[in-house]
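>>> With the input below, show me the fold.
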Amino acid sequence: MEYFNTSDNVKLYYEVKGEGKPILFIHGFTENHNSFRIQQRALFKKYKIITYDVRGHGLSSRVDYGLNIERLALDLKEFIDYLELQDIVLVGWSMGASIIFEYINLFGEDKLSKICIIDKGPKVLNDNNWNLGLYHGKYTMENALKDLSLIKDNWMKFAERFIKSMAPYFNEKQFSISMDKMKNNSPQVMYAIWKSMIEKDYRKTLSKIHIPALIIFGGESTFYSVDTGRYLKENIRDSELVIFENCTHLLVLENPIRFNRVLEEFTSKY
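From the prediction side, this is the model:
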């Protein structure tokens, strides 16, 4: 098992498979490197595939400090430097996309050649000036405060609501498997990171993106609307938007063959 030590002494678990152009995948909230196991198996013969567990997730250290998007972006920068990567295709799914936005805020496009944003908008909270956030414009500060209280007081109740809202089509077995995975997460970690995510607004960051960007959204996603994807397309200079019409927020797992093909076509361009 491979671990990287951050500058503040947090162990991050990672896997590197294959050689060639590096594609580095960043998972979402409550998830881990296994989110991209299908991509790893399919693409490692042609590319260097890097997956890792964000601090507080998966096999990485569960600490009570550095649990914010800024530190997660710094972790990513240190990890990239440690592996001596260049010309990276950086892929972020959900929370992973927030980490990409924050990385660009802090470090520009250093070491990056392209980015891929999966089903995530630049701002979670909806307000009088923004209606393209979470839950198709319905997630407000009031909702966020209730969620934060629930995460702190009854993590598994929050997990139940989160899963049912993300994948309402899950059968009993799928739901049970997802709930079992949620038990592995620390409520304290999830609280701090959720709080950090809902505080962020990356709309101004989009104009800082000059490298090619692939934007992929689920046409049936209950998290973000296709209009959010269109907003990203309109505000990121060199970008393309691909809609997975019959997929939800879980499009990477629901249609991995198409996802792999679209990502590989994007990676091989130019």
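
>>> going forward, measure contacts between C-alpha atoms and count neighbours the same way
Noted.

>>> The residue lying closest to E220 once chain neighbours are set aside: what secondary structure?
In this structure, E220 finds its nearest non-sequential neighbour in T248, 4.7 Å apart by Cα to Cα, 6 or more residues apart in numbering. Assigned with DSSP: H, G, I helix; E, B strand; the rest coil, T248 falls in the coil class.

>>> Tell me the secondary structure at G20.
Strictly by three-state DSSP, G20 counts as coil.

>>> okay, the residue lying closest to it once chain neighbours are set aside: pLDDT?
Closest residue to G20 apart from its sequence neighbours, by Cα to Cα, 6+ apart: Y47 at 4.6 Å. If you check Y47, the pLDDT there is 98.

>>> For Y47, give me phi and psi.
phi -130, psi 160 (degrees, to the nearest 10).

>>> show me where pLDDT drops low in the protein?
Where the chain drops to pLDDT under 70, the residues are 270.

>>> Quick one: residues contacting the residue nearest to G20.
G18, E19, G20, K21, P22, I23 (Cα atoms under 8 Å, 6 or more residues apart in numbering).

>>> Taking the centroid of the chain, which residue is nearest it?
By Cα atoms, centre = their mean, the mean C-alpha position of the chain lies nearest to G96, the distance being 2.2 Å.

>>> and it, that one's in a helix?
Yes - the assignment for G96 (three-state DSSP) places it in a helix.

>>> and the residue nearest to it when sequence neighbours are not counted, how far is that from D227?
Of all residues not flanking G96 in the chain, I26 sits nearest, at 4.8 Å (Cα to Cα, 6+ apart). In this view, I26 and D227 are 23 Å apart by Cα to Cα, to the nearest Å.

>>> Would you mind putting the CA coordinates of stretch 112-130 into PDB?
Provided in PDB are the C-alpha atoms of stretch 112-130 (Å, rounded to 0.1, in the frame of the first residue of the first chain):
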ATOM      1  CA  LEU A 112      -2.100  20.800 -15.700                       C
ATOM      2  CA  SER A 113      -2.800  20.300 -19.400                       C
ATOM      3  CA  LYS A 114      -6.600  19.700 -19.200                       C
ATOM      4  CA  ILE A 115      -9.400  19.400 -16.600                       C
ATOM      5  CA  CYS A 116     -12.600  17.400 -16.500                       C
ATOM      6  CA  ILE A 117     -15.500  18.600 -14.300                       C
ATOM      7  CA  ILE A 118     -18.200  16.000 -13.500                       C
ATOM      8  CA  ASP A 119     -21.700  17.000 -12.400                       C
ATOM      9  CA  LYS A 120     -20.700  19.900 -10.200                       C
ATOM     10  CA  GLY A 121     -21.500  23.600 -10.300                       C
ATOM     11  CA  PRO A 122     -19.300  26.500  -9.200                       C
ATOM     12  CA  LYS A 123     -21.600  27.300  -6.200                       C
ATOM     13  CA  VAL A 124     -23.600  25.000  -4.000                       C
ATOM     14  CA  LEU A 125     -25.900  27.400  -2.200                       C
ATOM     15  CA  ASN A 126     -28.800  29.100  -4.000                       C
ATOM     16  CA  ASP A 127     -29.800  32.700  -3.200                       C
ATOM     17  CA  ASN A 128     -31.300  35.700  -4.800                       C
ATOM     18  CA  ASN A 129     -28.500  36.000  -7.300                       C
ATOM     19  CA  TRP A 130     -27.900  32.300  -8.100                       C
END
